[in-house]
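Trainee: Quick one, fold the following:
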Amino acid sequence: MTGLSPSSIAVLVVVIAIIVKTLLSRRQYKAKYKLPPAIPGWPIIGNTLGVPFPAGVWGHEMAKKYGEMFTCRLGGKSIIYLNSARVVTDLLGKRASVYSSHPYKPIAQDIASDGSRMLLIGYTDQWRSQRKIMHSILNGQQAETKFIPFQELEAKHLLWDYLHTPDQFYTANQRFPDSVIMSVIFGRRAQLGDEQLTKMLNIVKEFAELLFSATKKQCNLFPWLARLPKPLQWWRPYGEDFLRRALAIYQREVDNLLDRTSKNTAKPCFAAALIEGSSKKEFQLAETEKLMIYSMLLEAGSDTSRTAITQLIAGAAACPECTRTHRAPLLLRRPRPPPMGVSAERIQDDAYEGCRFPAGTLFTWNAYALALNEEDYEDAASMTDIERTKDSPIDRMNSDWDSVEKPLFGVKIKVRSPAHAELIKQVGIETINAD
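Mentor: From the prediction side, this is the model:
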């Protein structure tokens, strides 16, 4: 130490202490916890630069290499990818009560969503409150009397579009879910080229990139960056600008609804029920939180439906023999969007098949790996219909989830007539008797 100033010695001691503490912490961590096989990565940043966007094909390739589960290090978090129906059911289904929170994303949630987007809120009173409000408005009775007619009308319009403009089927596929969800949320139908809806869908697409892209906004991957002083947070101006633009778009739609309400021309819808409940003090929500709820419903009900319908048509075209041998609609096994699920965060330590997971570990389902799993499906890469038997992977998942939460893919259909009952019985869908 000869020749070093007291300040230099102090800095050296601090650096050595940090290194020793880090090594000891890592040793204790490895002794207490054991994660699935990890993809090799870089120090500190892990696999951040190695995961493409979108990551569907990459995730499938990693699943073939590492098996039912593998660990990916993004930023400061370990993410466990679940690659088979069995492990998805065991962890995200049967243990849902402790796999129900969400990771902290400073820009996506705190700034770009003002801390109000249910998709990203942790398992808190705020999350439970929003969920309760949605269930109170979008429950079965409300859907039967108010919202199902919207869907039946748009389904007829979709078939009309197919018959009269078959070469534009992809635009009809977009208009159908857009119009259904706009009717449910704001009480108005959507037309092709709807300018206001286009703005909404563009902001949804921009938010998806912000949420899922590993390199779009690094603060989501390294949450500790949020501790920097605000002037040093280089991502903050973008997040604040995104929030202003998003709120303005949805506020304009609410203003149009209020105008129709004043003229007694508004139809029953989610937004009208939410505004009425808030005025009666039934719901305690800030204005920003209301707009974020509308945004989340649009995100959940529009683009994913369009993609699923288009994939179904593509599957029927790729596998015409399936449509010739079945009179009822088919359930085709294809990767469902998005290619990766929104990560679920463990709220306590857990153990599973030799692995020991610490609280705070993230889990996500690997959609491409699930759909193309050769152990679950014979000739998984081909477009075929799924044999609905008790031993099929989907029915096993439905059976397991039914005893805990709700079927992952299953639905119940109310029987309208004996002929209707016979039709849906051919695809093994559970029915309930009509009143």
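
Trainee: Give me the residue ranges of the stretch 101-250 of the chain where confidence is low.
Mentor: 140, 142-144, 212-217 (pLDDT under 70).

Trainee: And the helix or strand encompassing residue 134, what's buried?
Mentor: Element membership of residue 134, judged by DSSP states H and E, is helix 125-137. Using 16 or more other C-beta atoms under 10 Å as the test for burial, helix 125-137 gives 127, 129, 130, 133, 134, 137. Every C-beta, even on glycine, is put in place using the N, C-alpha and C of the backbone.

Trainee: Likewise for stretch 46-65?
Mentor: Buried residues in stretch 46-65, counted by 16+ other C-beta under 10 Å: 46-48, 50-51, 54-56, 58-60, 62-63.

Trainee: contacting residues around the strand or helix carrying residue 57?
Mentor: Take DSSP H and E as the rule and residue 57 turns out to sit in helix 56-66. Contacts to helix 56-66, defined as C-beta atoms under 8 Å, 6 or more residues apart in numbering, come from residues 36-37, 39, 51-52, 70, 72, 81, 83, 335, 339-340, 366-369, 372-373.

Trainee: how about the closest residue to residue 239 other than its chain neighbours, phi and psi?
Mentor: Excluding its sequence neighbours, the residue lying closest to residue 239 (C-beta to C-beta, 6 or more residues apart in numbering) is residue 111, at 3.2 Å. Dihedral pair for residue 111: phi -100, psi -60, per degrees, to the nearest 10.

Trainee: List the residues that contact residue 111.
Mentor: Per C-beta under 8 Å, 6+ apart, neighbours of residue 111: 235, 236, 239, 240, 242, 243.

Trainee: Now do the contacts for the fifth one.
Mentor: With contacts defined as C-beta under 8 Å, 6+ apart, residue 242 is in contact with 111, 112, 203, 206, 207, 210.

Trainee: Relative to residue 5, how far out is the residue nearest to residue 239?
Mentor: Going from residue 111 to residue 5 by C-beta to C-beta, to the nearest Å gives 42 Å.

Trainee: How about residue 248?
Mentor: From residue 248 to residue 5 the distance is 57 Å (C-beta to C-beta).

Trainee: circling back: just the ones of the contacts of helix 56-66 in strands?
Mentor: Among these, the residues falling in strands (DSSP state E) are 70, 72, 81.

Trainee: And the residues you listed, which is closest to residue 280?
Mentor: The shortest approach to residue 280 among the ones in strands among the contacts of helix 56-66 belongs to residue 81, at 45.5 Å (C-beta to C-beta).

Trainee: what about residue 12, neighbour count?
Mentor: 12 (other C-beta atoms under 10 Å).

Trainee: Please point out which parts of the helix or strand encompassing it sit buried.
Mentor: In this structure, residue 12 is located in helix 6-32 according to DSSP H and E. Within helix 6-32, no residue counts as buried by 16+ other C-beta under 10 Å.
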